[in-house]
Each structure stands twice: as structure tokens, then as C-alpha cells.
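[1] Fold the following.
(chains A and B)
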Amino acid sequence: MKEPLFGKTLGQLRALAQELNEPAFVATQLARWLYKQGASDFDAMHNLPKRLRQILGERFEIGRREPERVSLSSDGTKKYLYPTAHARFVETAFIPEGERATLCLSTQVGCKMGCLFCMTGKQGFQGQLTSGEILSQYRSLPEFERITNIVYMGMGEPLDNLDAVLSSLEILTADWGFALSPRRITVSTVGIIPAMRSFLERTECHLAVSLHSPFDEERRRLMPVQNVYPLAEVLAALRMSPIARRRRISFEYIMFDDLNDSPRHAKELVRILSGLRCRVNLIRFHPIPGTPLQSSPDTTIVRFEQQLKGSGIMTTIRASRGQDIMAACGLLSTRALVGASNEVDY
Amino acid sequence: MKKPAAPGTTAAQDGVERVAATSLPLFEARVTENIEVAPGVCLLKYPRTHDFVPGQVVGIAVDRRIVPRYYSIASGKDEPFIDILYDVLPGGELTPLLSKLRSGDLLFVSPASGGFVDTVDPGWWIATGTGIAPFVSMAKSGLAGAKRLVHGSRTLAGFHFRKYFTNLLADRYTCCSSQEEAQGVFAGRLTEWLSRQSLPADQRYLLCGSAGMVVDVRDLLIGKGVPFKQVLSEIYF
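    Take a look at the predicted model:
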């Protein structure tokens, strides 16, 4: 099987050029073909010597993956199905809204975090995406040129696949890559502290932390990661990290009826976020099969928002998009495409 | 049992400088014993450096420059040693190195932390593979008196501490094997066995194992009327 080049950083391409006894500028040429020109085969790389193109073709493939299926929502959202290694699949959501078009990327096939409210979590974990597989969801999207913002909020916990995510961010934001502003990219996490520190140190992209309850025991029942990386330590780590003025830290808060939507919750949220320059995104819960949870009524969500705003916390209510095609927040899943018994590890 | 990872390093071959270890305080410890207890599964022992609550985890590293990984403690709270049960993952960053350690070798360990803890109240412990580790700690600390333990594994070799729990819990201990058969072992996944049981809604259920097992069992419990607030999960990978 040939090694894919799409997804390699400039540093990795330089190492490759060196290995092939080629001058270093070949790496820059390759990066340009891969990320600026969108070359789909080596023959198109006409400024590379024919001999080199032949060698590359023998050992490597471009390796950019194309979507295999698309679902269209009545609200204009599209959900794409992308193949990954080992005949697995991930879903990617394209969410247009006026001038803005957001792409929601997946980073893992399934997820290990087991959050109670998440459809992806229900399929367990089947594998990590490579940097190239993450970036294919962007570059191979038919609406590629319309994308204004990218959020790493699809299937999987991005910071549980840190190396691939960092490589993909480097390629998205570097001048030799896609040259996107890091201010247009947001990476979400449940709060894996060491990886979160690395992310904050090594990128300038925005961070979104899944919070969902300010109370330890309650969050533990919703998000098993709380056992190991408690919210208090996540917040302490954020407070200790130097965060540039233009960089945004946000907290995602799914509103569950009669569980985490009381004035007491809002008050505690205000208390624990005190002193952090941040915003809170309130999200309607999109029910998943077998869940004991319900979404809070809109009136409760608005009241919660007002209580937070009244205490000085910038708060927004996220619009639900793509619910009819299971593309909304927390609904992405390729469980139906997971192989049978060989995927179950017990 | 390996817990939610502490990723934070980048492969050295990329030419990228490895990130510094976390701010997790690490203490030196000397390995007392490190033996293979089943194919690809080892039990590491070192002198206890700090007190802990049964069910908690410790960070372990063989090199201060690399971010430690978390493992459940598998020894009783009053025992002089910390036991760590772990799978040796081929190609893994830590466990192949860990498995090579011998008595007297240096190890870096953190104080215990984590909220996967229990009481003496009646309840259920449900584990797969090395996810049995926190329940070993709880049992050795006197919390097993009113518990039922269900242990799942693909193979019979995966029933770590089987003899210990058979003696301790007798018919309150059930092994479920999805790929091998043996007398006294339920032939099938533990979800199959659980689905046939009457599960009290007022007891606590502690689950420890892979994400797939935890979400399957949690869904099953909720489907059988157990409130989700009664379910505490610990996922490893």
C-alpha cells in the first residue's frame, strides 16, 4: 500500500525530500501542489523533474479522500460521508448561513469519551484519523471554496488525536498550506488537560471546552472524563495558560431539561468562570435513541442565557442546524457502517 | 488498566520538539516486581508513595520528559505496595517500555487522583479485561461485601484475579467470555448476561472498561430502568 502525501507538514515533506536526495525546495513545491493547487496526481506537478514524479508515483499516492455520500437538510446543511482507512467512515457537516459557511470536521472514527448525550459516543471507538483524513474533509468538500470557518466538533475527541490534529492545524494555517486564519478555526475538547496545554501552546486557534454541568458529581454522570480530568483542574489549567487577547475560549453547555438548567446551575457557572475571559454557548439537546435526557424548553434556555448575561458572561444560544439529517450537534455517527463482531472488544 | 490518555507528545521523527511533561507532580519510585500475568498483560508493583482512595488512578512515566499515562491502582488501600495491571500495547508509547522494567528500575509516579470511587453499599461492579483493576483495589479495601461483580473478556486468559474473586464473592462473581467456553463461565458477552438479569434500580453500578462496553452497558441499564445517575463509568484506552 502506498503512503499518502496529503496531510504531511512541510517539515515532513522536507524530510522526505532529503531521503530522496532532492533539494529542500522540492518540499515547498510539493506542499504547493498538495495544498494550494489541489493536485490529484503526480503527473500534474509539472515543475518537478519527470524522474522525481515517477519515483513519487511508485512509492506514494496523493491520498486525498473524496466524499462518498451526501445528505441535504431542509435548512441547507449538508452531511457528507467520508471513507477512512480499514473500510471505516466518518461524517462531516457543512453548515451555510448567509455569508458564513462552517465546516464541522471529524477527528476519530467513533469516540472513547462515552458522553451520555452523544450519538458518536454510542458507537464506541474504531480508530484515529490521520492528518490527511482530517484535511480531506475540508479540501475534498464540493463547497470547499465557500468555507469561512472550521470547527473540530464532529465525530471524536480532537485532543485524543493530538498529533494528527496539530499537523492538520499547521497545514490549514501555514502560508505554505491553506493559509487560513487561526481565528477562523475552533477546536473542541472535553478537557484532556495535557493535550489542551499543548494545543494552547502550539496553535493560535480558538478553543471550545465541553462543560455541560458546573457540578462535579453531575458532570461525572454525563461525562466519564470528569473522573480523570475534573472541570476544576481544566479551568485551573486554562487560567494558568497565557491566552492572547484575540483568542477565544468558549464553553459548550447543552441544556438538559430539569438537570442542568436551573438558576442554581447558572449561578455556579458564573462562579466557576469568574475571571476567565470567555463565552458560553448554550446548545439545545438533540435527543438520541435510548437517552434518558430531554432538551430544556426554549423559555428556560432564554432565562438561563439572561442570568449568565446579567452576571457579565458573554452568552449565545446556538441555532440547531441539520437535525433532520442527523447532522446537528451530537448526532454524527457511522455506527451502522461499523463491522460486526470484530469491532467489539469484549 | 490504562485510563483516558494524557496525550501531548509529537513523534520525534517529525523533527518536532517533544512537549514538556505536564505539571503533574512526579515522584521517583523503584519497581519491586513486574510480571506477565497473562499473554500481553502485566502486573507492576512499586512501594506506595502516597495514600489513595480505592478506584483512583496514578500517572506513570518512565521518562520525565514524556507526559505520564494514567492507570488504575489494583492494590488495597492499606497495602504497602501499589499494583498496576496493564495491557502491553504493541507500538504503544509507554507500555512496551514499562513491560521491560525489572526490579530496582526507576519509575516516575504521581499521587493518586480521580473520582471513580465507591462505598460499602450494595451495588454492581462491571468490568472488561484490565478494567477489573479498580475493583480489585476496592475489594482488597473491604468494599466487596454487598457487591456483585461481572467480568467480561474475549478469552479465558482475560479473567485476571479470577481465583481471588471466586474465593471472595462465590456466586456473586460472574465471568462472561465472548470467544471461549469453559465450565462456570457464561458463553457470551457480558451485555447478554446482564440483559437476562433483574437489575435493581436503586443500586449503584460502576462500569470500567473500553468505551464500547461502557456505552453498551450504560444503555442496557438505562433501558432496564436504572436511573443514569446510578451509573458511574470509567473508560480506558
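[2] Check what pLDDT the residue in the stretch 1-150 of chain A positioned nearest to chain B gets.
    Chain B sits closest to residue A:124 of the stretch 1-150 of chain A, with a gap of 3.1 Å, by C-beta to the nearest C-beta. C-beta here means a position set from N, CA and C on the backbone, and glycine is covered the same way. Predicted confidence (pLDDT) for residue A:124: 89.
[3] now residue B:20
    pLDDT, residue B:20: 38.
[4] swap in residue B:69?
    On the pLDDT scale, residue B:69 gets 91.
[5] got it, and the one 10 residues further on?
    Turning to residue B:79, the model gives it a pLDDT of 97.
[6] and residue B:80, what is it in contact with?
    By C-beta atoms under 8 Å, 6 or more residues apart in numbering or on different chains, the contact set of residue B:80 is B:47, B:48.
[7] can you rerun that using 10 Å?
    When contacts are counted by C-beta atoms under 10 Å, 6 or more residues apart in numbering or on different chains, residue B:80 touches B:32, B:45, B:47, B:48.
[8] which parts of the stretch 1-150 of chain A sit against chain B?
    Counting by C-beta under 10 Å from any C-beta of the partner chain, the positions of the stretch 1-150 of chain A adjacent to chain B are A:8-9, A:11-12, A:14-15, A:110-116, A:118, A:121-126.
[9] Buried by neighbour count, from the residues you listed: which ones?
    A:8-9, A:12, A:14-15, A:110-116, A:118, A:121-126 (16 or more other C-beta atoms under 10 Å in any protein chain shown).
[10] Do I have it right that residue B:70 meets residue B:134?
    No: using C-beta atoms under 10 Å, residue B:70 makes no contact with residue B:134, being 11.6 Å away.
[11] Between those two, point out the one with more neighbours.
    Using other C-beta atoms under 10 Å in any protein chain shown as the criterion, residue B:70 and residue B:134 rank with residue B:134 on top: 28 against 23.
[12] Would you confirm that that one contacts residue B:112?
    No: if you go by C-beta under 10 Å, residue B:134 and residue B:112 don't touch, sitting 11.2 Å apart.
[13] okay, now residue 155: neighbour count?
    In the absence of a named chain, chain A is used. 26.
[14] Actually, chain B is the one I wanted.
    Neighbours of residue B:155 using other C-beta under 10 Å come to 13.
[15] just the one 4 residues further on next, same as before
    Taking other C-beta under 10 Å as the criterion, the count of residues near residue B:159 is 22.
[16] And it, how far from chain A?
    As judged by C-beta to the nearest C-beta, to the nearest Å, residue B:159 and chain A stand 12 Å apart.
[17] How about the contacts made by that residue?
    B:38, B:129, B:132, B:151-153, B:165-166, B:173, B:175-177, B:182, B:185.
[18] Next step: these restricted to strands.
    If you go by DSSP state E, these have B:38, B:151, B:152, B:153, B:173, B:175, B:176, B:177, B:185 in strands.
[19] The last one: what's its closest spatial neighbour, skipping adjacent residues?
    So the one you mean is residue B:185. In space, and not counting its chain neighbours, residue B:185 is closest to residue B:175: 4.6 Å by C-beta to C-beta, 6 or more residues apart in numbering or on different chains.
[20] ok, now which ones touch that neighbour?
    Going by C-beta under 10 Å, 6+ apart, the list of residues near residue B:175 reads B:149-153, B:156, B:158-159, B:162, B:165-166, B:182, B:184-186, B:190, B:193.
[21] which of the residues you listed are buried?
    Buried among the contacts of residue B:175 by 16+ other C-beta under 10 Å: B:149-153, B:158-159, B:162, B:165, B:185-186, B:190, B:193.
[22] what's the closest of these to residue A:263?
    residue B:150 (40.5 Å; C-beta to C-beta).
[23] looking at it, that closest one is touching residue B:174, isn't it?
    Yes: counting by C-beta under 10 Å, residue B:150 touches residue B:174, with 4.9 Å between them.
[24] Which helix runs longest in chain B?
    helix B:211-223 (DSSP state H).
[25] Next, see if that one gets close to chain A.
    Yes: using C-beta under 10 Å from any C-beta, helix B:211-223 comes into contact with chain A via B:211, B:212, B:213, B:214, B:215, B:216, B:217, B:218, B:219, B:220, B:222, B:223.
[26] Fine by me, we can end here.
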